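In: no sequence for this one, just the structure:
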């Protein structure tokens, strides 16, 4: 959520944006933190990129590509005369270096997205040939992402990865001018970017203002042009200010209630369904987001690729919830722990409302608050009954979240819940090699409905 | 100069204190649940990537080995790398010291500018309305939480009156003075009352001391008595108190730097604790400890300079 003065910054001008957290690195493969992920796409260009509505992949550094009939080989043709910010040419060998580095670096936070690439060849400076281990419907979406941003082999080798991560040589629309930790990150237009003529702003200043109130005051005082992550309870207030425009852009963020299948009786579908139907999710969302959020109908967020508006859902029905608990034969009151992030006011509100609603059907909720760092450990170790956690997409294809949240592999155990349905896993496998978009959508609709019916 | 001989002994006394502080901060920060590598990479990261981070920063070593490594490196002036920012802890920390020092110095100056006239007024008009007014103002100052007062000051002076920037540090000395004014004022509001109460009390007790009575008996002018005798002999307890409260002030910057977005050690400390950036937490703790010790030392020197009878 963004607050901005009603008159946007002029083309060729500077925009100052206040944000709540600092950049940690400018090496695109070693961070998953949002504040880093907002900068990476500005400074690193990939071969292809996602359209702003996040539904298609279009050319970027590559002007075109061809796919072999078996779907296993992608040949990219780079634009002529591409240059990094230091003036050195962007060559196919840099493409090979960048993406194999994202795949093979031990500390790469994104290695799994590129593990399907068998090898990359650079027969000449403007041709990059990707050999895949299997046909992949997700491949283009994965290489559209910032972690596949092209970085200069020569500069990285010469500087070393750590120094490069402090002051990178870049391929994107902007270059890093200065990073003062604890204060600001300043980007300026990269004149060597292939599409520099289309880049409007000369300068972007990201200012670190950790305190929500200060960030808003800074905006109201006209010291910054925009502020992001405005608390829900301040939105109505700011909308009344004639000097400000509040941009409510759709987000892929979904807040999930995780149910641990390894903790009885949560392995029983009836019990999970009872919890689901005992919750008035509309009331919770309205209260917590001040009417700005929507109830999700699936793990694929509204408007994202393969979102199904017609997805069948289970509604709020406390009577049905009681009947399901009776059918499951659990002794009431059923006592369950709910893990939330301490200090997260949205989580705390959700917990209060859940405790009340579940209490009405005989489920006694004990709210366990853990600081975020500890909650990560507890969740990934599977030491919870119920937990609240949220996800935002990194690529436009649903495959990333699907692999993490419902596939049921041995690493993430379906969002650390222990859910595993062979039917779903098989459908996910099929979806990855199905290159026909319509057929793939049908598979995805089936995945979503199966997961919903399993109450995962 | 013999009276200042303790200056040579103090650095030796410093060593065991620093060792103790290092050990305690080392153990405390590691006893908070939560794995720095997991926090860094987030909920989506694979165990392999997390293990790689742990190995790179030596977090997979047993605790005693980690501590010995820390001590060995620290003795060579080396504090390793920040897990979050991947740069040398020393570089990171040294970039954050100046704003905090500036803020603390600024606060002390502002607090003294309030405290000295207010205490003198209260002492000279003891029991009258001026004294009561200072007392009420002091109680208010003590009672207002800094994070709340800070926001209110910003509302009034930045948004309504447009006199000071909402937040930030500025680029020049004048810029620092301008940017940090509201933050320093917020802290000074909390610091001044303590100084006022203390200075007022010692002014009052000096005012009734025998030598003052003698001066009055000699027929000296009351103003001269106050300026030359009472005031000169009163500040010692306050100087010592100031030394102690600056220690607390270092802690208070943690909150105020967050509200005013000042790129200082307090903000770095909070961020590093949240992210379990162990080496940064340890280095900043050490700096806070050294800072507190230095301030105490300065207070001792000032005491001796002010009162020839005191020995080190």
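Out: Nice, thanks for sending it over. All of these numbers come straight from a predicted model, not from anything done at the bench.

In: what helices or strands is the strand or helix carrying residue A:432 leaning on?
Out: If you go by DSSP states H and E, residue A:432 is part of helix A:422-433. The contact analysis (3 or more Cβ pairs under 8 Å, 6 or more residues apart in numbering or on different chains; DSSP states H and E) places helix A:422-433 against helix A:399-405, helix A:437-453. Heads up, the C-betas are built off the backbone N, CA and C, glycines and all.

In: switch the cut-off to 6 Å
Out: helix A:437-453 (3 or more Cβ pairs under 6 Å, 6 or more residues apart in numbering or on different chains; DSSP states H and E).

In: Quick one: work out the angle between the helix it packs on and helix A:422-433.
Out: 160 degrees (axes from the mean of the first three to the mean of the last three Cα atoms, to 10 degrees).

In: Helix A:437-453: which residues count as buried?
Out: A:440-441, A:443-448, A:451-452 (16 or more other Cβ atoms under 10 Å in any protein chain shown).

In: where does the stretch 51-200 of chain A come near chain B, residue by residue?
Out: Counting by Cβ under 6 Å from any Cβ of the partner chain, the residues of the stretch 51-200 of chain A close to chain B are A:106-107, A:109, A:162, A:165, A:181-183.

In: Could you rerun that using 8 Å?
Out: Counting by Cβ under 8 Å from any Cβ of the partner chain, the positions of the stretch 51-200 of chain A adjacent to chain B are A:106-109, A:111-112, A:162, A:165-166, A:180-183.

In: What's the nearest residue in the stretch 51-200 of chain B when you look at chain A?
Out: Closest residue of the stretch 51-200 of chain B to chain A, Cβ to the nearest Cβ: residue B:52 (3.8 Å).

In: Can you give me the neighbour number for residue 81?
Out: Picking chain A for this. 10 (other Cβ atoms under 10 Å in any protein chain shown).

In: could you do chain B instead?
Out: 21.

In: Who is it paired with across the strands?
Out: Residue B:81 forms beta bridges with residue B:88, as assigned by DSSP bridges.

In: Isn't it up against residue B:90?
Out: No: in this structure, residue B:81 is not within contact of residue B:90 by Cβ atoms under 8 Å, at 9.7 Å.

In: Now whichever residue of chain A sits closest to chain B: closest residue in space, sequence neighbours ignored.
Out: Here chain A gets closest to chain B at one residue, residue A:373, 2.8 Å apart by Cβ to the nearest Cβ. What sits nearest to residue A:373 in space, not counting adjacent residues and going by Cβ to Cβ, 6 or more residues apart in numbering or on different chains, is residue B:34, at 2.8 Å.

In: Please, which helix or strand holds the one you found?
Out: Here residue B:34 is assigned to no helix or strand, by DSSP H and E.

In: dump the residue contacts of it.
Out: A:371-374, A:376-377, B:276 (Cβ atoms under 8 Å, 6 or more residues apart in numbering or on different chains).

In: One more pass at 7 Å, please.
Out: Neighbouring residues of residue B:34 by Cβ atoms under 7 Å, 6 or more residues apart in numbering or on different chains: A:371, A:373-374, A:376-377, B:276.

In: Pipe those residues into a markdown table and attach distance to residue B:167, pLDDT and secondary structure per row.
Out: Below are the contacts of residue B:34 laid out as a markdown table (distance: Cβ to Cβ, whole Å; pLDDT from 0 to 100; DSSP: H, G, I helix; E, B strand; the rest coil):
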| residue | distance to residue B:167 | pLDDT | secondary structure |
| --- | --- | --- | --- |
| A:371 | 26 | 85 | coil |
| A:373 | 27 | 81 | helix |
| A:374 | 30 | 86 | helix |
| A:376 | 30 | 87 | helix |
| A:377 | 34 | 86 | helix |
| B:276 | 26 | 90 | coil |
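
In: Now list the buried members of those residues.
Out: A:371, A:373-374, A:376, B:276.

In: Measure how buried residue B:225 is and give me the count.
Out: 20.

In: so it touches residue B:215, yeah?
Out: Yes: between residue B:225 and residue B:215 there is a contact under Cβ atoms under 7 Å: 4.9 Å.

In: Can you list the neighbours in contact with stretch B:257-268?
Out: Contacts of stretch B:257-268 (Cβ under 7 Å, 6+ apart): A:180, A:182-183, A:208-211, A:214, B:96-97, B:99-100, B:103, B:147, B:150-151, B:167-169, B:180, B:182-183, B:253-254, B:270, B:280, B:284, B:287.

In: Buried subset of these, written for PyMOL?
Out: Under the burial definition 16+ other Cβ under 10 Å, those of those that qualify are selected in PyMOL by:
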select buried, (chain A and resi 182+183+208+209+210+211+214) or (chain B and resi 96+99+100+103+150+151+167+168+169+180+182+183+253+254+280+284+287)
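
In: So which of the contacts of stretch B:257-268 are in strands?
Out: Of the contacts of stretch B:257-268, the ones assigned to strands by DSSP state E are A:180, A:208.
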